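1. Sequence first, then the predicted structure, then my questions.
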Amino acid sequence: MHRSRKGWAITLAGATLALTPASAYAQFPTYSKDKFLGSISEFTRPLFNQYFNQITPENGGKWGVAAGTTRTAAMRWGQLDTAYNYAVANNMKFNFHVLLWGNQQPTWMATLPPEEQLAEIKKWYAAVAERYPKIEWLQVVNEPTWDPPDGSVPKNAGTNFASSGNYVQAMGGAGETGYDWIRTAFRLAKQYFPNTKLMLNDVAITGQTASTDEYLKIINILKAENLVDVVGLQAHAFEFIPNNPNVPSIPGHPYEPVTDMRVHKANLDRLAATGIPIQITELDLDGFAVGGVPGDEMQLSYYRNVVPTFWEHPRVEGFTLWGWRQPNHWRNAQNAPIVLSNDTPKPAALWLYNYVRGIAPAIRADQAFTVADGNANRVGTLQADDWASQINRANLRTFTWRITGGNDAGIYAVAPATGELTVAKPELLDELTAYALKVRVSDGFHESAEAPVTVTTADLANVVDQSAGGTVPATLALSLGAPATFGPFTPGVEQEYTASTTATVTSTAGDAALTASPATLANGAFRLAQPVAVTPAKTAWSGPTSNDTFAIALKQAIGRTEPLRTGTYSATVTFTLSTTAP
C-alpha cells in the first residue's frame with residue numbers, strides 16, 4: 001500500500017458559497033397564433049392583409065370627425081364604416097379609436113351647458129354601440145394625462161379650445177378620485193357596450209416613472225370597479241428617439257425620449273402587475289438619416305431596439321402600427337412609413353414581418369468544403385439567407401454563427417460575425433477524412449435549425465503519421481493549506497469552535513483514500529476532554545486526479561465546566577493518502 005502523510009497545526013479559515021440563479025426561457029410569441037399586428041389605413045392595398053390582421057380607424061372614430069358639423073347635422077360615418085366593414089369582411093378584430101379625447105372633438109360641444117354635454121356624450125355612445133356591434137376593443141378615453149377634454153388646461157387655450165370638447169366637468173371633473181370624469185366615461189361605456197372590452201389609452205408612459213405612476217393611479221381607480229379590460233400604450237417615435245423632429249409639446253407635461261429599453265421594460269412590468277392585458281396601440285418609428293447612416297437603416301435599428309421589449313412581454317396582446325405606407329402617414333415627413341408608395345417594403349418592414357413570425361435565417365443546404373495544401377487553415381465561408389438577402393443588403397444582417405456538433409476536439413472554428421470556417425488545431429487534422437459538422441446561425445432574435453456541413457481533407461503533404469508516447473511516474477501526493485487556529489477559547493462557556501483548511505491531492509493510482517489520525521489539543525500536561533473532529537470534504541477517489549483541492553473542516557467541543565489552562569493548546573493531525581491500485 002502506498003501512502004502519503006502530512007502533519008500540521010490547526011488553522012482557522014473561512015469559505016464563501018456563491019449561488020447562480022436558474023434562467024427561465026419562454027417560447028417566442030408568434031404573429032396570429034399568439035399576438036396580433038394591426039394598422040390604421042390603406043386597408044385595400046395588396047400588402048395590408050399580408051402584414052396585418054387587426055384594424056383600428058385612424059381618424060374616422062374620433063368624435064369630431066364622425067359628428068355632424070353642427071349639433072343637429074347628420075353624422076359622418078363614412079371613414080368609420082370603411083374601416084369597420086373591411087375588418088368584419090376579412091375576419092379581423094376591430095379596435096375602435098376613440099370615444100373621448102381632448103382633441104378633434106365636435107367644436108359645438110365646447111360651449112354647451114354641462115347637462116347638455118352629458119346628454120350628447122350619451123347619444124354618441126349609443127350611436128356607436130348601435131352601428132358597430134362587433135367592436136372587439138373600445139378605446140373609451142385617449143390620452144387622459146396628456147390631452148383631456150378640458151378647455152381650462154394651458155394646452156387647450158385659444159384656438160384649441162373648441163376642438164378640446166371642454167366637457168370634463170360634465171363628466172364629474174376631478175372629483176374625489178382626481179379622475180372622476182374618466183370613471184364616469186367608463187361607467188357609461190359599461191352600460192352601452194356591456195360585451196365589449198374597454199380600453200384606456202395614453203402616450204409617453206413607460207419612459208418616465210412619474211408618468212407610469214399617474215397612469216397606474218387611473219388604472220387602479222377603474223380596476224376597482226372592473227371597468228377596464230385593456231391598457232393601451234401608444235409608442236410613438238418621439239418616446240424613444242432623441243433629437244426628433246415634429247415632437248408634440250404639451251404645456252405642463254414635459255417628457256424626454258428614452259432609448260434605454262430597460263427603463264421601458266421596468267415600467268411595463270409595473271403596468272403588467274395590475275393583471276390587465278396591454279396593447280401597443282400607435283407604434284411608429286421614424287426613418288430620417290443620422291450621421292451619414294441612411295434613414296431606412298436608422299429606422300431598422302429603432303425597430304430592432306424597441307419592438308422586442310414589448311412584443312415578447314407576456315402581458316402584451318399585440319401591436320397596432322399608426323400608419324404603414326407612404327404617403328398616407330401622419331409622420332410621412334419623418335419617413336416613418338415602413339412601405340414605400342410603390343409597395344416596396346423598407347428594411348424595417350421586412351425585419352418586422354420575419355421577427356413577429358419567428359422566421360430565422362436559413363442555412364443553405366449541402367455546404368461542403370475541402371482542406372488541401374495551401375489553404376493556410378482557411379476552410380471556407382458558411383452561407384445563410386434571410387430577408388436582407390432578398391434585397392441584396394447583406395450589411396443589414398446581424399448574424400452570429402456557431403458550431404454545434406461534430407467538433408468535439410475543437411479542430412475547427414467559425415468566426416461568429418462572418419461565418420468563416422477555419423482549422424483551429426491543424427496538429428489534430430487527419431488527412432483523407434470527412435468531418436461532419438453541425439452549425440447554426442442567429443440573427444440576434446431567432447436561431448436557425450441545425451444544419452450539416454461537410455469538411456473533407458485531401459492528401460496533405462504536411463501531414464505524416466509518427467508514433468508518439470510518454471510515461472507517467474507513480475505519483476501519490478498530498479499537500480495541505482496553511483496551519484489554522486480555532487481562536488481564543490472562552491472558559492466557563494459551552495461552545496463548539498470551528499476552523500478549516502484545504503488539502504490538494506494529485507494521484508496517478510487507480511484509486512486513493514484519505515484518512516486522518518485522532519488528535520487531542522494539549523497545553524503542556526493539560527489536555528482537552530474531547531478530541532478534535534476532523535472532516536475532509538473528500539476522502540476517496542476512484543481514479544487518477546490532479547490538483548484536486550478541497551476543504552477540511554475541524555470542530556472542537558468544550559464543555560461549560562471543563563478547566564482550561566492559560567496558554568496555547570495544540571495538536572498534530574496526521575493525514576494519510578493511500579492506494580490499493582498503484
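-> Looks like it arrived, so ask away.

2. Where does Thr212 sit, in terms of helix or strand?
-> helix 209-223 (DSSP states H and E).

3. And Ser479, how far from Thr574?
-> 14 Å (Cβ to Cβ, to the nearest Å). C-beta coordinates here come from the backbone N, C-alpha and C atoms, glycine included.

4. just Tyr31 next, same as before
-> In this view, Tyr31 and Thr574 are 71 Å apart by Cβ to Cβ.

5. Pick out whichever of these two has more residues nearby.
-> Per other Cβ atoms under 10 Å, whichever of Tyr31 and Thr574 has more neighbours is Tyr31, with 22 against 13.

6. Could you find the closest non-adjacent residue to that one?
-> Excluding its sequence neighbours, the residue lying closest to Tyr31 (Cβ to Cβ, 6 or more residues apart in numbering) is Val356, at 4.1 Å.

7. What is the burial count for the one you found?
-> By other Cβ under 10 Å, neighbour count at Val356 equals 22.

8. Any regions of this protein where pLDDT drops low?
-> Applying pLDDT under 70 to the chain flags residues 1-26, 252, 462-467.

9. Helices of that one, start to end?
-> 48-51, 63-66, 78-89, 114-131, 180-192, 209-223, 261-272, 295-311, 347-356, 387-390 (DSSP state H).

10. Quick one: distance of the second one to the chain centre.
-> Centroid displacement of helix 63-66 relative to its chain, using Cα atoms, centre = their mean, to the nearest Å, is 39 Å.

11. So what touches it?
-> 59-60, 75-77, 79-80, 99-101, 104-107, 124, 163, 165 (Cβ atoms under 8 Å, 6 or more residues apart in numbering).

12. Please check these and keep the buried ones.
-> 59-60, 77, 79-80, 99-101, 104-107, 124, 163, 165 (16 or more other Cβ atoms under 10 Å).

13. Show me how the record splits the protein into domains.
-> Domain assignment for the chain, taken from automatic domain parsing, gives 36-356, 362-457, 476-579.

14. Pick the most deeply packed of the ones you listed.
-> Highest mean neighbour count of the domains of the chain: domain 36-356, a mean of 19 (counted as mean count of other Cβ atoms under 10 Å).

15. so who does the closest residue to Met261 other than its chain neighbours touch?
-> Excluding its sequence neighbours, the residue lying closest to Met261 (Cβ to Cβ, 6+ apart) is Thr309, at 4.4 Å. Shown in contact with Thr309 (Cβ under 8 Å, 6+ apart): 261, 264-265, 268.

16. Next, format the domains of the chain as JSON lines and append distance to Ala468.
-> JSON lines is the format used below for the domains of the chain (distance: least, Cβ to Cβ, whole Å):
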{"stretch": "domain 36-356", "distance to Ala468": "51"}
{"stretch": "domain 362-457", "distance to Ala468": "11"}
{"stretch": "domain 476-579", "distance to Ala468": "19"}
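
17. what's the distance between the nearest residue to Glu494 once chain neighbours are set aside and Trp101?
-> Nearest non-adjacent residue to Glu494, counting by Cβ to Cβ, 6+ apart: Arg560, 4.0 Å away. As judged by Cβ to Cβ, Arg560 and Trp101 stand 80 Å apart.

18. any idea how far the residue nearest the centre of the chain is from Tyr303?
-> Ranked by distance to the mean C-alpha position of the chain (Cα atoms, centre = their mean), the top residue is Thr309 at 5.6 Å. With distances taken as Cβ to Cβ, Thr309 is found 11 Å from Tyr303.

19. Next: Leu421.
-> 31 Å.
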